[in-house]
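**Student:** Structure, please.
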Amino acid sequence: MSKNALILLFAIFPVFTFAEEISFIDSAVSNAGRIEIHVSDRQGRILPCCVSLTNELGEGIWGLDAVGKPFTYRHEPRIWISGDTILNVTAGSYRFVISRPYRYRSHHGKLTLQPGQTQSLQVQLRCEVDMPQYGWYGGDAHQHICHGEKEFAVNAETAAAIARAEGADWSSFNGYYSSVPGEYPTIDDVRKVCECVSDEQYLAFVGEEYPKDHLGHMACLAGPVLDWNQELGRNEYSYPSGQHEAFAHFEILRPLIEQGGTTIYTHPVREYGGTKESPANIARELPFDLLTAPDLISSIDWMTDNPNDKNAMNVWSMYLNWGYQIGVCAFTDTCYDRHDARPMNKLTYVYLGKKRLTSENIIHAIQNGHTIGTSGPLLMATIDGAPPGSVFPCSKQKRMLELTAFSQEVDYTNRAGERPRLEQIEIIRNGKRFHIYNFSNKESYEFETGFPIRETEQAWYIVKAFGSGDRQAAISSPFYFHPPDFTPPKPVQATAQGAITDAQTGKKLNAVIDIIDYRKINPKTIQTKSIKDGAYIIQCPATARLRASAKGCKSQTKSIFFDDPTLYKNLILPLNREDMLDPAYYEKIKMALQNIHLDFALEKE
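**Tutor:** A predicted model of the protein is given here:
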């Protein structure tokens, strides 16, 4: 491990008794000076944070990567520190901002440093709203330690130090695990690092952008699954024309969820790359999964590309109005090894209440919709004390929507600028604005209120808070109101038909068809049907594969999703954003599933 990687590890593992020392200039040269920084919270605990340091020429100083090279990420220059730190810099006059985004009030100031002089900064940051005290913990499940560009040398220690200083309570790290020359950590090595850097205030664990292929991108919180590629299956990112992925996403999701993990579609309406006939990056399989396996879609990252994206919001509203229960996540899809990185410019807050900060509890909160996504403002919302994702019976009973909103002290994109304001809070009912609090003519930084709700019809409510900073929004998962006769949408079934023949003679065969819940390891046979004279027509889950067997022949397995002549080729592959927004597209999938055609030509054993 390199010296600077150790420095960053010391920054987040507080058993050491000495301050980390970060040198931007040789401390022995004549124009060197030292800035000793000690940052704590009101309880006296050392507080990891960001230092934005700008000299009299307006030049900013960036923190160092794991081999001592300055980072040059987007936006305001930052040095990520443990909170007990010595900076060796060139003597001169500096403007500084010490910040820990989202929850803490920043500290602004100026200092002049003479050659050979040591200046001491003792700073106590005030927590504006202690989210964990109320049971809310913010983090990101879609961030790559290394995406692969290797513009900076980073590893798990580096990423955790930056994430924590940027205000995260938890991180699920993805991607390649190190771009430090000579470092080749295994996934078990990274798990050990995550365990080492975690404590009561911060949790790091390993996940993945998985599955990631032409069917869509997903953020995987792996939970107890140790090797998802080996246990659940691996697809390539793209395939030659006429070929398809080895596994549908639902064939990966179901065993993952059964084992205690979860995975979440991300940037669902993004179109980037691919072809005009088949755009890439879009959540291509999502509409099919929604209709045929809704139990696997508990939450979606609606906020990655733009938290105010109307297309994403319209798709979400449409799904909710159809009766599906789907929460919100806000991930970054960023990395730490390239210039355009933006770690922690969005957070997903999960409500754990009095439960411990563990990966298992985070996964359960996301699956239950106990989430709020943000790119700036802090938001807490409950109905009668229950978090988002909760379900209430329709009645004339008055219930109280309690909401609290704060604008964060610093804009993520501009640490030295004016504090963002709260601009507007919206209560949305069934996709339409139900009530608005507008602060455009006020210097409003925090807001708290109770809003009475009497709901006698099936409905869902979400709360949105908007800040004055760049693309600043916070959005809650829905609260649901259900009448006594409410039933959630049932998975759409398929009707499959075809012929089972001898591949050499074409003779129709007596056979059996196994309906299979397919997965890489231990596929499950749901039902077995006996077929006479080679012709069959059966109803089965649309997510199934069918295996045909006959005496003296090799069995053959086909997928309803992939192998019907028209469904995958004509509906799934060409999906674009307009299709995803169009209810008629979903009806086409339903109609196609009623006419699945799979023929089996069996070879002799």
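**Student:** Report the separation between the closest residue in space to F486 that isn't next to it in sequence and L401.
**Tutor:** Excluding the flanking residues, the one nearest F486 by C-beta to C-beta, 6 or more residues apart in numbering is Q458, at 6.1 Å. In short, each C-beta sits where N, CA and C put it, glycine included. From Q458 across to L401, the span is 17 Å (C-beta to C-beta, to the nearest Å).
**Student:** Also G167?
**Tutor:** Distance from G167 to L401, by C-beta to C-beta: 27 Å.
**Student:** Which one's more surrounded, these two?
**Tutor:** In this view G167 and L401 are compared by other C-beta atoms under 10 Å, and G167 has more residues nearby, 23 against 18.
**Student:** can you pull the contacts of the more buried one?
**Tutor:** R100, P101, Y102, R103, Y104, G138, M344, L347 (C-beta atoms under 8 Å, 6 or more residues apart in numbering).
**Student:** May I have the residues that are in contact with the fifth one?
**Tutor:** By C-beta under 8 Å, 6+ apart, the contact list for Y104 reads D41, L47, C49, L125, R126, C127, E128, G167, E409.
**Student:** and if you look at the second one?
**Tutor:** Neighbour list for P101: C50, E166, G167, M344, Q408, E409, V410, Y412 [criterion: C-beta under 8 Å, 6+ apart].
**Student:** Got the phi and psi for the third one?
**Tutor:** Read it as G167. In terms of degrees, to the nearest 10, the main-chain angles of G167 are phi 100, psi 10.
**Student:** Quick one, grab the pLDDT at it.
**Tutor:** We have a pLDDT of 95 for G167.
**Student:** Next, give phi and psi for Q124.
**Tutor:** phi -120, psi 120.
**Student:** try C146
**Tutor:** Per degrees, to the nearest 10, the backbone of C146 is at phi -130, psi 130.
**Student:** residues in contact with it?
**Tutor:** Residues counted as contacts of C146 (C-beta under 8 Å, 6+ apart) are V154, G175, Y176, Y177, S178, S179, C335, Y336, D337.
**Student:** Count the residues that sit near the last one.
**Tutor:** The local packing of D337 (other C-beta under 10 Å) involves 26 other residues.
**Student:** same thing with the third one?
**Tutor:** Here the neighbour count serves as a burial measure; for Y176 (other C-beta under 10 Å) it reads 16.
**Student:** in the helix or strand harbouring A592, what counts as buried?
**Tutor:** Using DSSP states H and E, A592 maps to helix 583-593. Burial within helix 583-593, assessed by neighbour count using 16 or more other C-beta atoms under 10 Å, is assigned to Y586, I589, A592, L593.
**Student:** What average pLDDT does it get?
**Tutor:** Mean predicted confidence for helix 583-593 is 98.
**Student:** Can I get it in PDB, CA atoms only?
**Tutor:** Below are the C-alpha coordinates for helix 583-593, written out as PDB (Å, rounded to 0.1, in the frame of the first residue of the first chain):
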ATOM      1  CA  PRO A 583     -49.200   2.700 -22.100                       C
ATOM      2  CA  ALA A 584     -49.800   1.100 -25.500                       C
ATOM      3  CA  TYR A 585     -46.300  -0.500 -25.400                       C
ATOM      4  CA  TYR A 586     -47.200  -2.400 -22.300                       C
ATOM      5  CA  GLU A 587     -50.400  -3.700 -23.900                       C
ATOM      6  CA  LYS A 588     -48.300  -5.000 -26.800                       C
ATOM      7  CA  ILE A 589     -46.200  -7.000 -24.400                       C
ATOM      8  CA  LYS A 590     -49.300  -8.400 -22.800                       C
ATOM      9  CA  MET A 591     -50.700  -9.300 -26.200                       C
ATOM     10  CA  ALA A 592     -47.500 -10.900 -27.300                       C
ATOM     11  CA  LEU A 593     -47.400 -13.000 -24.200                       C
END
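**Student:** Run the chain-centre distance for it.
**Tutor:** Chain-centre distance of helix 583-593: 28 Å, with C-alpha atoms, centre = their mean, to the nearest Å.
**Student:** From the rest of the structure, what touches that helix?
**Tutor:** Everything outside helix 583-593 that qualifies as a contact, by C-beta under 8 Å, 6+ apart, is 287-288, 290-292, 318, 492-495, 542, 560, 564, 566-567, 570-571, 575, 579.
**Student:** And stretch 283-296, by the same measure?
**Tutor:** So stretch 283-296 is contacted by 214-217, 248-250, 253-254, 257, 265-269, 297, 300, 319, 324, 488-489, 491-492, 494, 541-543, 561, 572-573, 575, 579-580, 585-586, 589-590, 593 (C-beta under 8 Å, 6+ apart).
**Student:** Among those, which lie within strands?
**Tutor:** G216, H217, Y265, I300, A494, P541 (DSSP state E).
**Student:** could you flag which of the residues you listed are buried?
**Tutor:** G216, H217, Y265, I300, A494, P541.
**Student:** Report the beta-bridge partners for the second one.
**Tutor:** To tie it back to what came earlier, the one meant is H217. H217 has these beta-bridge partners by DSSP bridges: K212.
**Student:** surely it meets H267?
**Tutor:** Yes - under the criterion of C-beta atoms under 8 Å, H217 makes contact with H267 at 6.7 Å.
**Student:** quick one: least confident helix or strand in the protein?
**Tutor:** Every helix and strand of the chain was ranked by mean pLDDT, DSSP states H and E. The lowest is helix 3-12, at a mean of 39.
**Student:** For the next helix or strand after it, which strands pair with it and how are they oriented?
**Tutor:** Next helix or strand after helix 3-12 toward the C-terminus (DSSP H and E): strand 20-23. In the sheet, strand 20-23 lines up against strand 84-90 (parallel) (DSSP bridges).
**Student:** Which residues outside the strand it pairs with are in contact with it?
**Tutor:** 11, 19-27, 31-39, 46, 51, 53, 55, 61, 79, 113.
**Student:** ok now that strand, how far from the chain's centre?
**Tutor:** 35 Å.
**Student:** tell me which residues in that strand are buried?
**Tutor:** D84, T85, I86, L87, N88, V89.
**Student:** Show the pLDDT at the second one.
**Tutor:** Translated: T85. 96.
**Student:** ok, now the last one?
**Tutor:** On the pLDDT scale, V89 is placed at 95.
**Student:** could you point out where the stretch 101-250 of the chain is predicted with low confidence?
**Tutor:** Within the stretch 101-250 of the chain, no stretch has pLDDT under 70.
**Student:** which other residues reach stretch 598-605?
**Tutor:** With contact meaning C-beta under 8 Å, 6+ apart, stretch 598-605 is reached by 496-504, 509, 511, 546, 548-550, 552-556, 558, 560, 563-564.
**Student:** In it, which residues are buried?
**Tutor:** Of all the residues in stretch 598-605, those buried under the rule 16+ other C-beta under 10 Å are L598, F600, L602.
**Student:** end to end, how far does it reach?
**Tutor:** For stretch 598-605, the first-to-last residue distance is 21 Å (C-alpha to C-alpha, to the nearest Å).
**Student:** now swap in stretch 35-52 and tell me
**Tutor:** 13 Å.
**Student:** again with stretch 557-569
**Tutor:** End-to-end distance of stretch 557-569 (C-alpha to C-alpha): 19 Å.
**Student:** how far out from the middle of the chain is it?
**Tutor:** Mean-position distance between stretch 557-569 and its chain equals 30 Å (C-alpha atoms, centre = their mean).
**Student:** So what touches it?
**Tutor:** Defining contact as C-beta under 8 Å, 6+ apart, one finds that stretch 557-569 is touched by 244-245, 248, 250, 288, 494, 496, 516, 518, 540, 542-548, 572, 589, 592-593, 596-598, 600.
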